[in-house]
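Asker: 3D model of this:
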Amino acid sequence: MLRLVVLISGGGSNLRALLEAAQSPEFPARVVAVGADRQADGLGHAEEFGISSFVVPFTSYPSREEWGDELLAQLREWQPDVVILSGLMRLLPHQVVEAYSPAIVNTHPAYLPEFPGAHAVRDAIAAGASETGASVIVVDDGVDTGPILHQRRVPVLPDDTEATLHERIKPVERALLIQTVLDIADGTIDLEEYSA
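Answerer: The predicted structure follows:
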């Protein structure tokens, strides 16, 4: 049974999908804790499902590295097999990546390497793209530059706004994340192959 810690910054819709999937006795992973870099709405999902949570407020630390030290200390308490970034809107400091990669995966609302960064959906619309997508990657020290584990295309419709396009990408992201967890659990994906 894989032990997962999920890190969020916002509403946690991917987290909720994972928690719902993990309710099945056959699902080969359990979320043991949910962490956030602020008081995020998505922490309510953890509470609803009886999952422990922690907050390491980014603004409470004088540097990114010191924030990373505390985040790493919290993660180590939960001994995760895989750390999942699900809407965590911060780059992980090097010491966290070094400690857990390649067992850190991130969902991203674009078909990487297209449209990396925090504004992927907005960037796709601004570029006039006819399609974008969703990806799940291994986290490295770059911005959405890690190896791609799963991805799927999503068309951009002529009347799409950033909000409508993002709403159509989210279910694809959720499905890819759950498939990635299943594939890691059954050995279809061997994360050690992605060790630096």
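Asker: which SS state does the residue nearest to residue 137 when sequence neighbours are not counted fall under?
Answerer: Nearest non-adjacent residue to residue 137, counting by CB to CB, 6 or more residues apart in numbering: residue 146, 4.4 Å away. C-beta here means a position set from N, CA and C on the backbone, and glycine is covered the same way. For residue 146, the assignment made with DSSP: H, G, I helix; E, B strand; the rest coil gives coil.
Asker: Against residue 117, how distant is residue 146?
Answerer: 14 Å (CB to CB, to the nearest Å).
Asker: tell me the domain boundaries of this structure?
Answerer: Split into domains by automatic domain parsing, the chain comes to 1-100, 106-196.
Asker: just to revisit the earlier point, if I pick the residue nearest to residue 137, what's in contact with it?
Answerer: 101, 102, 106, 137, 138, 139, 140, 194 (CB atoms under 8 Å, 6 or more residues apart in numbering).
Asker: Same question for residue 53.
Answerer: 33, 34, 35, 36, 43, 46, 47 are the contacts of residue 53 under CB under 8 Å, 6+ apart.
Asker: which parts of the host helix or strand of the first one are buried?
Answerer: It stands for residue 33. In the assignment (DSSP states H and E), residue 33 maps to strand 29-36. For strand 29-36, a neighbour-count test (16 or more other CB atoms under 10 Å) marks 29, 31, 32, 33, 34, 35, 36 as buried.
Asker: Turn those residues into CSV, including distance to residue 77.
Answerer: Shown next, in CSV, are the buried residues of strand 29-36 (distance: CB to CB, whole Å):
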residue, distance to residue 77
29, 18
31, 15
32, 10
33, 8
34, 13
35, 10
36, 15
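Asker: and the residues you listed as a markdown table, adding distance to residue 90 and pLDDT?
Answerer: Shown next, in a markdown table, are these (distance: CB to CB, whole Å; pLDDT from 0 to 100):
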| residue | distance to residue 90 | pLDDT |
| --- | --- | --- |
| 29 | 24 | 97 |
| 31 | 20 | 97 |
| 32 | 21 | 98 |
| 33 | 18 | 98 |
| 34 | 15 | 97 |
| 35 | 11 | 97 |
| 36 | 10 | 97 |
